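Student: Got a sequence here, can you model it:
(chains A, B, C, D, E, F, G and H, ligands or ions: 12)
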8 protein chains.
Amino acid sequence: KRTGVPEAVLAEGKTDEDLTAIVRAHVDAVGRVLVTRVSAPQMEKLEAVFPNHVQKSRAQTICVVHSDAYPEPPRTGGTVAIISAGTVDIKVAEEAKMTAEEMGCKTIEIYDVGVAGYHRLILEMEKLKEARPDAIVVAAGREGTLPTVVAGIIDAPVIGLPVSSGYGAGANGEAALLSMLQSCSVISVVNIDAGFVAGAYAARIANRMQAARAGKRGGEHQ
Amino acid sequence: KRTGVPEAVLAEGKTDEDLTAIVRAHVDAVGRVLVTRVSAPQMEKLEAVFPNHVQKSRAQTICVVHSDAYPEPPRTGGTVAIISAGTVDIKVAEEAKMTAEEMGCKTIEIYDVGVAGYHRLILEMEKLKEARPDAIVVAAGREGTLPTVVAGIIDAPVIGLPVSSGYGAGANGEAALLSMLQSCSVISVVNIDAGFVAGAYAARIANRMQAARAGKRGGEHQ
Amino acid sequence: KRTGVPEAVLAEGKTDEDLTAIVRAHVDAVGRVLVTRVSAPQMEKLEAVFPNHVQKSRAQTICVVHSDAYPEPPRTGGTVAIISAGTVDIKVAEEAKMTAEEMGCKTIEIYDVGVAGYHRLILEMEKLKEARPDAIVVAAGREGTLPTVVAGIIDAPVIGLPVSSGYGAGANGEAALLSMLQSCSVISVVNIDAGFVAGAYAARIANRMQAARAGKRGGEHQ
Amino acid sequence: KRTGVPEAVLAEGKTDEDLTAIVRAHVDAVGRVLVTRVSAPQMEKLEAVFPNHVQKSRAQTICVVHSDAYPEPPRTGGTVAIISAGTVDIKVAEEAKMTAEEMGCKTIEIYDVGVAGYHRLILEMEKLKEARPDAIVVAAGREGTLPTVVAGIIDAPVIGLPVSSGYGAGANGEAALLSMLQSCSVISVVNIDAGFVAGAYAARIANRMQAARAGKRGGEHQ
Amino acid sequence: KRTGVPEAVLAEGKTDEDLTAIVRAHVDAVGRVLVTRVSAPQMEKLEAVFPNHVQKSRAQTICVVHSDAYPEPPRTGGTVAIISAGTVDIKVAEEAKMTAEEMGCKTIEIYDVGVAGYHRLILEMEKLKEARPDAIVVAAGREGTLPTVVAGIIDAPVIGLPVSSGYGAGANGEAALLSMLQSCSVISVVNIDAGFVAGAYAARIANRMQAARAGKRGGEHQ
Amino acid sequence: KRTGVPEAVLAEGKTDEDLTAIVRAHVDAVGRVLVTRVSAPQMEKLEAVFPNHVQKSRAQTICVVHSDAYPEPPRTGGTVAIISAGTVDIKVAEEAKMTAEEMGCKTIEIYDVGVAGYHRLILEMEKLKEARPDAIVVAAGREGTLPTVVAGIIDAPVIGLPVSSGYGAGANGEAALLSMLQSCSVISVVNIDAGFVAGAYAARIANRMQAARAGKRGGEHQ
Amino acid sequence: KRTGVPEAVLAEGKTDEDLTAIVRAHVDAVGRVLVTRVSAPQMEKLEAVFPNHVQKSRAQTICVVHSDAYPEPPRTGGTVAIISAGTVDIKVAEEAKMTAEEMGCKTIEIYDVGVAGYHRLILEMEKLKEARPDAIVVAAGREGTLPTVVAGIIDAPVIGLPVSSGYGAGANGEAALLSMLQSCSVISVVNIDAGFVAGAYAARIANRMQAARAGKRGGEHQ
Amino acid sequence: KRTGVPEAVLAEGKTDEDLTAIVRAHVDAVGRVLVTRVSAPQMEKLEAVFPNHVQKSRAQTICVVHSDAYPEPPRTGGTVAIISAGTVDIKVAEEAKMTAEEMGCKTIEIYDVGVAGYHRLILEMEKLKEARPDAIVVAAGREGTLPTVVAGIIDAPVIGLPVSSGYGAGANGEAALLSMLQSCSVISVVNIDAGFVAGAYAARIANRMQAARAGKRGGEHQ
Ligand SMILES: Nc1ncnc2c1ncn2[C@@H]1O[C@H](COP(=O)(O)O)[C@@H](O)[C@H]1O
Ligand SMILES: Nc1ncnc2c1ncn2[C@@H]1O[C@H](COP(=O)(O)O)[C@@H](O)[C@H]1O
Ligand SMILES: Nc1ncnc2c1ncn2[C@@H]1O[C@H](COP(=O)(O)O)[C@@H](O)[C@H]1O
Ligand SMILES: Nc1ncnc2c1ncn2[C@@H]1O[C@H](COP(=O)(O)O)[C@@H](O)[C@H]1O
Ligand SMILES: [Mg+2]
Ligand SMILES: [Mg+2]
Ligand SMILES: [Mg+2]
Ligand SMILES: [Mg+2]
Ligand SMILES: [Mg+2]
Ligand SMILES: [Mg+2]
Ligand SMILES: [Mg+2]
Ligand SMILES: [Mg+2]
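Tutor: Ligands and ions are numbered 1, 2, ... in the order given. Model (predicted):
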């Protein structure tokens, strides 16, 4: 039952007091809690208040705080791939990744393929097919093309994750979101920067796939 | 291999000549073709040109044209539920349904539950859980709440399908789309009125679930 | 006559000098003044300048400054309920609440019901019906569903109060406002974050209801 | 119990067959049904199908269809005023008026006061005060000022009803809606052209006021 | 010839070095220069660099820097009225006023009339008619009604000057600009916060009126 | 007193019956009425109902209907220039022109100067200076540059009149309106296609100029 | 000198009389004229009025009308490629093509490559490299990816031409335009559906390239 | 081969560590790297880390970092002109210029011509014609007219570069972008503030022109 959508706290806009109180409540209640959109001072505070109990992603803005009883996320056997193109997209991609892992999935991370470098992109996609992901999150900013291309090559359900980047008209993820909604490929979309939603949605699919493979009745509510 | 995304033709904006030519080409090549956003005169034309080979949905704006060799869509064993609330949403919901069926899925249709009638909604959702759908398309116009509520009750992946309806600010599906993107539940979204994409996405998930249940390696490209 | 729309000062964007001068003028003239959208340094300043004469709401961004002659708001007998779902909505809900109290109303505060937790929501609404509020302010951010649901369950006039929250498309209360304007329920709406207007509008209705109950001719201008 | 929000059918976009079927179902079930946003051919059809059972408003786009058993709306004793400025606003104002009457209210109609003709406006408002309306719907297009002005003069709750009119920037009711949301007066707002919602909201307040005056417990759900 | 549109420097976004260099160049070349949208540190800098040669408006964000040769603006005999309603509008109104004075006009300042306080507004307008202004700038934020009302009462050309204020939908002057563009009165409009343009436009009209009164051929280019 | 803003009827969206009734009422009351945005069938109807009493502009969408007593507009001596660049702008320019003439002004029409043909533009502007217009209306669609250029060359007050034309982003006059609001020249603006407002505003200035030249006290209300 | 930007008439919104008059004037003056955005009835009219002198593109909405003296466009030696993906984009692509040919260029037309079919796309691009186009117009609707991909493969300047297609959010070319503006490739953009501008811009580059190859001084104004 | 689009790093939003690491990697790999949108502290950091190897543009926000092996950009013989009107546009113009120089082009800088000062503008354009630029970048903020005017006078391909400036409606380059897209001249456009793209696009054209002049086969991919 730990593989349902994990407890998650949106740090942005919370005072240090509120944030640590809410985090502590969740840790006490369920053992582990995901904290997203954490500022640098907030992260410092969390590490001071919960020493040795904060697991940060490479992007220093996402973490899990855990109790002694739950030092590890569960393992389910579902597999989620996370793809992004640019440095600026990694922060959002990492949020999706950490969420999927927190829901028990194995993740495959491909952070450096762009629409410009076709040969490499196609090569990577061929390798990815072999890894047989259950669902794929594709984070993309600027003009947001990557999910369309990936869904044209590989058959697993693709979740388009628009990233707020760029400047000028269509900046802040607007062009990316609209591109994905207008995509000629069959993809679904989450809101701009919504790495948490994308990761949880992908993991939900992956965990149900794994249950089906395992012959378990899938799809019940946890 | 017939269970991949089906051939589909967007009738809107095509001349009668272009439309029938493209439809015939697809029918000849692959046996069956989905035609979406068909006007009343276009539908008449199609029925005249392909007598006894046009299968219409209840909404008179979607149909499949087929050859003698393929009188039926395939059957896969995947299950997709299609939920909508208002009369005006049915046309778009039907497009999703016909697409999912064309991809071999069994569909469950619940077209009359609204956020207002809670008791009935919750009852229907309890029944739906028992039917264990692999994926759920929820079509909703006006303020677009229904996908959020459904995803809060049932565990299968929910695809929010905003419907262009209403008048005034936020009309034409804008409020519905934004609501779904801002949803507190874990859902993914397709574009306004994109019943075809929603149905194909749901069926893709369902068919992969079925393959997993059947012990087949899932997720390869057709 | 103190139950009309209270004097209110919008602190945002004012210099400390302007703010304290305007507040003092109002306190001297009418005894009590509501101050809204107060920053932390502004609040400190107010407390320093008017020691023991500043009544803060739980949200540290709203307060009443009063003279010795008017240490208490009036009491009318009207009843206003204030409902919100998320922590982030409380600040705006508190502005509505303090305004309604400043206009003499009793307030009922329900700050922790969400659309996700149906059973609890419906329970709370049944209790609220028993309390017979004269008007209900429902603050909601993100996708802004709560007012629609509340107005479907309970008969008192509902004022939808969109709250600026979330990120991505439809953020800053835009999705919430559009949802409320497109609502299938019969509700009215105020601007995003306009807790003051929502509270004053609800209190106006409540005080007129109370006057009607008391057999007094209602609706005259104060 | 007939004074709750009336059955209403939005004719716009419905086929003649669907429209008459839905109307008949409502008439059979509850005796009377409001039909809104009716086109000229739809109205002709309704009058042909339900001869002598269609009550049209002055604006030929709204009507009530009724059974022999319910030839009249109920009478409650609540009073709703409907104010508008321009010819173009009358259609929407009439929708509010017919809805309020259908909910049992007496209505006061003031359709010819504009912000330009102050002296007359103020005179009319003084007369209106004497009539003591329980709620006031103010329909206004173009720059949408009238609700702000009315709410500055008279104390009953004002519902701003933006009307889609004008051309150029801010046309189709956008300027009117934004003006009302930014109003310096304490008013609430409904969506552009939402005469049905405005009328029902006003009548809900008026009927509860009347219940309070009559010493009845008010505000329960019908 | 000094009564043409004055040299003006937009301080916003300029470095201290650039700003003082450009100001000095203008002062040296033409004797006086208007500096608009000046931040507090920029103003300090200007006063340090040009001691006793900076004339500030009441709003501390606009000033004229002058040479010893031109300690005073010219006098033409044209008359411009500047009207605003709220404290927040004064900064922008002052920019219009200082610009008109820099172009030689006498200005009449009415900073405290609002649409709410009709009796006073009408009184002030009657007095203003007696003063016979050649042009009137009306600054208004929020819902931007005041220019419409003024132009309904008094015959001189009215320039609507939308002010960025308020919060929520239509904030930052958007509702005010749209209202003025949709106005039922005959007014013209400048951009949001464009006090400089409004003042210069009004002064241009006033100075040509004065030339006509003086029997001088008007309208030639300076 | 006939030189104040003329009676004007917006034909758009009115039924034939309403239109002719309103026109007749105005003609009876004040002798002449301007009718704007008239469709071809409406114009035919007007000419049938008021034979020999309809004066059409070259653009067949604007006319004056008059009584036998007022076969001519008044003559004041004010002068308004109307400038436009493209064929598509003429319809709107004509509305401004007919309005100014209806208010007694002499008009100067320059309908064929564009920003592309500089030499001709500058030549025409030199000639226009000699004609000494009191105010200049400049109609411009697409990118809306012309008012900026004209105001840089000639000193009379320029009213920018954006015209809805073009396709793609910024179409329907949006680019033109924004350009004019952002103009580096000192101009004022009216709404898109608002030829009536532009013409009336220009004529108001011109008639006051003429009054000043004639030594009459100017600017009083009619 | 015939290779400069050709005379072009925008048929849309013109009456038959105006259209044929303007076309005739151009034909008489310069021998050939391009007519764009022509409706079916307008095209019939043109062919009736100028029998045997109308050259239509495959898309029946663009044509050249010519005199007997100029039965052919000039030949320059510049080469322009026109690429598009979908049937719906061809109409706009044809406008670019006919414009470039009218300016004397040889055109290469590739109308059936999409981002989905990579292998074929890359193959076609390799062939196109061999053809050495001087400039490339890439028309793309929906999510507008194609120009980004083409510019990543081939070195000639790419002009992105967004096409109004699709439905829902980002429809009518909005997503395509924003995508192109946010492109990671180095491309330039014209407005939505602006095939004429794209074709003329490409031909201008191509003709100057050809002049450079021919050792002629390039870049002078015709 | 060094004349292809140069390596470029967008500094905005990068940490000092990331920025210097990426810059160092590029310098090591290819000898020179362009760094754009650099903040003042970032520039200081770069100069400290790469002493004597940072070449700044006049606008202190763009630079090239180079290795000892590549102290100079290449020289090709292509010529790019960069035109802007206001001080505020120079920063963006400089980005285009430095990019074009980094690609080997000679640049001609004209930073002080505005649409207002016609005589000077036309003079400068006549001089520019003599210099025979291969491509012209025109940066313009506010209402963005300059590219339209330049393209009307001179024949080389014009790239419109909108600059984010101004305040109020259409600010931040929106009016400038829309103006350029709606331009009556034949120009192409890049995104707001995209000096890098404009410069690279212009240099690409110029280098291909030079190759054509030199008799080299042009247009191959580097
Ligand atoms: N209703 C629809 N919504 C979105 N895409 C569609 C729809 N119907 C067909 N399509 C897709 O649109 C693409 C182009 O269709 P067409 O313009 O008919 O060549 C096809 O690949 C279809 O898969
Ligand atoms: N003009 C209207 N504006 C808004 N809601 C309406 C209007 N007319 C009817 N309704 C409501 O719209 C809902 C759906 O209407 P229908 O599509 O006819 O089933 C009903 O519950 C009515 O209460
Ligand atoms: N507040 C203002 N609003 C609009 N334009 C202004 C303002 N202040 C100065 N200007 C004009 O902006 C132009 C460019 O200013 P600058 O950037 O200082 O060279 C000058 O011609 C001024 O006339
Ligand atoms: N100012 C700029 N505007 C647009 N693109 C840029 C700019 N500077 C660098 N780039 C491009 O942006 C891409 C991503 O840059 P980076 O985020 O540094 O990896 C690179 O391929 C650059 O070519
Ligand atoms: Mg991308
Ligand atoms: Mg809904
Ligand atoms: Mg909510
Ligand atoms: Mg109004
Ligand atoms: Mg105001
Ligand atoms: Mg123009
Ligand atoms: Mg595309
Ligand atoms: Mg400019």
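Student: alpha carbons only for contacts and neighbour counts from here, please
Tutor: OK.
Student: after the helix or strand hosting A:Val149 comes which helix or strand?
Tutor: If you go by DSSP states H and E, A:Val149 is part of helix A:146-153. If you walk from helix A:146-153 toward the C-terminus, the next helix or strand you reach (DSSP H and E) is strand A:158-162.
Student: between that following strand and helix A:146-153, what angle do the directions make?
Tutor: Using axes from the mean of the first three to the mean of the last three Cα atoms, to 10 degrees, the direction of strand A:158-162 lies 170 degrees away from that of helix A:146-153.
Student: who does strand A:158-162 pair up with?
Tutor: strand A:135-140 (parallel), strand A:188-189 (parallel) (DSSP bridges).
Student: any idea of the mean pLDDT in the first one?
Tutor: Right, strand A:135-140. The predicted model gives strand A:135-140 an average pLDDT of 98.
Student: Over to stretch A:5-22?
Tutor: Here stretch A:5-22 scores 90 as its mean pLDDT.
Student: Buried ones in that stretch, by neighbour count?
Tutor: Under the neighbour-count criterion of 16 or more other Cα atoms under 10 Å in any protein chain shown, stretch A:5-22 has A:5-9, A:11, A:14, A:19-20, A:22 buried.
Student: how many other residues sit next to the closest residue to A:Gly166 other than its chain neighbours?
Tutor: In space, not counting the residues next to it along the chain, A:Gly166 is nearest to A:Arg142; the distance is 5.5 Å by Cα to Cα, 6 or more residues apart in numbering or on different chains. Under the neighbour criterion other Cα atoms under 10 Å in any protein chain shown, A:Arg142 is assigned a count of 29.
Student: Then A:Ala140?
Tutor: Taking other Cα under 10 Å as the criterion, the count of residues near A:Ala140 is 32.
Student: So what pairs up with it in the strands?
Tutor: According to DSSP bridges, beta-bridge pairing links A:Ala140 with A:Pro162.
Student: List the contacts of it.
Tutor: Under the criterion of Cα atoms under 8 Å, 6 or more residues apart in numbering or on different chains, the contact partners of A:Ala140 comprise A:84-86, A:89, A:146-147, A:160-163, A:176.
Student: Look up which helix or strand A:Val65 falls in, please.
Tutor: Assessed by DSSP H and E, A:Val65 sits inside strand A:63-66.
Student: What pairs with that strand, parallel or antiparallel?
Tutor: For strand A:63-66, the paired strands and their directions (DSSP bridges) read strand A:32-36 (antiparallel), strand A:54-56 (antiparallel).
Student: What subset of the contacts of A:Ala140 is buried?
Tutor: Buried positions within those, assessed by neighbour count (16+ other Cα under 10 Å), are A:84-85, A:89, A:146-147, A:160-163, A:176.
Student: Out of the residues you listed, the closest to ligand 2 would be?
Tutor: Ligand 2 lies nearest to A:Gly160 out of those, by Cα to the nearest ligand atom, at 32.5 Å.
Student: and the residue of chain A found nearest ligand 12, what does it touch?
Tutor: Among all residues of chain A, A:Gly168 sits closest to ligand 12, at 16.9 Å; criterion: Cα to the ion. When the contact criterion is Cα under 8 Å, 6+ apart, the partners of A:Gly168 are G:182, H:164, H:173, H:191-194.
Student: Now do it, the pLDDT please.
Tutor: Per-residue pLDDT puts A:Gly168 at 96.
Student: Can you give me the domain boundaries for chain A?
Tutor: Residue ranges for each domain of chain A read A:8-66, A:79-212, as given by automatic domain parsing.
Student: deepest of the ones you listed, which one?
Tutor: A comparison of the domains of chain A by mean neighbour count, using mean count of other Cα atoms under 10 Å in any protein chain shown, puts domain A:79-212 on top with a mean of 25.
Student: what about that one, how long is it end to end?
Tutor: In terms of Cα to Cα, to the nearest Å, the two terminal residues of domain A:79-212 are separated by 13 Å.
Student: can you tell which of the strands paired with strand A:158-162 is closest to ligand 8?
Tutor: strand A:188-189 (40.8 Å).
Student: Poorly predicted segments of chain A, please.
Tutor: Low-confidence segments of chain A, defined by pLDDT under 70, are located at A:1-3, A:116, A:217-222.
Student: For chain F, give me its nearest residue in it.
Tutor: At 11.4 Å from chain F, A:Ala169 is the closest residue in chain A, using Cα to the nearest Cα.
Student: ok, A:Val9 - contacts?
Tutor: When the contact criterion is Cα under 8 Å, 6+ apart, the partners of A:Val9 are A:22-23, A:33-36.
Student: Quick check on A:Ile67: phi, psi?
Tutor: Slight slip there: residue A:67 is Ser, not Ile. When read as degrees, to the nearest 10, the backbone of A:Ser67 gives phi -90, psi 170.
Student: Regarding chain A, what is its longest helix?
Tutor: Among the segments of chain A that qualify as a helix by DSSP state H, the longest is helix A:195-213.
Student: Ligand 11: which of the domains of chain A is closest?
Tutor: The closest approach between ligand 11 and any of these, judged by Cα to the ion, belongs to domain A:79-212 at 7.4 Å.
Student: re the thing from before, state the helix or strand in which the residue of chain A closest to ligand 12 lies.
Tutor: Under the criterion of DSSP H and E, A:Gly168 resides outside all helices and strands.
Student: A:Lys106 against A:Pro74, yeah?
Tutor: No. Under the criterion of Cα atoms under 8 Å, A:Lys106 lies out of contact with A:Pro74, with a separation of 10.2 Å.
Student: if I pick the spatially most central residue of chain A, what's in contact with it?
Tutor: The central residue of chain A, meaning the one whose C-alpha is nearest the mean C-alpha position (Cα atoms, centre = their mean), is A:Ala96 at 0.5 Å. By Cα under 8 Å, 6+ apart, the contact list for A:Ala96 reads A:82, A:137, A:195-200.
Student: Output the contacting helices and strands for the helix holding A:Val149.
Tutor: Judged by 3 or more Cα pairs under 8 Å, 6 or more residues apart in numbering or on different chains; DSSP states H and E, helix A:146-153 is in contact with strand A:135-140, strand A:158-162.
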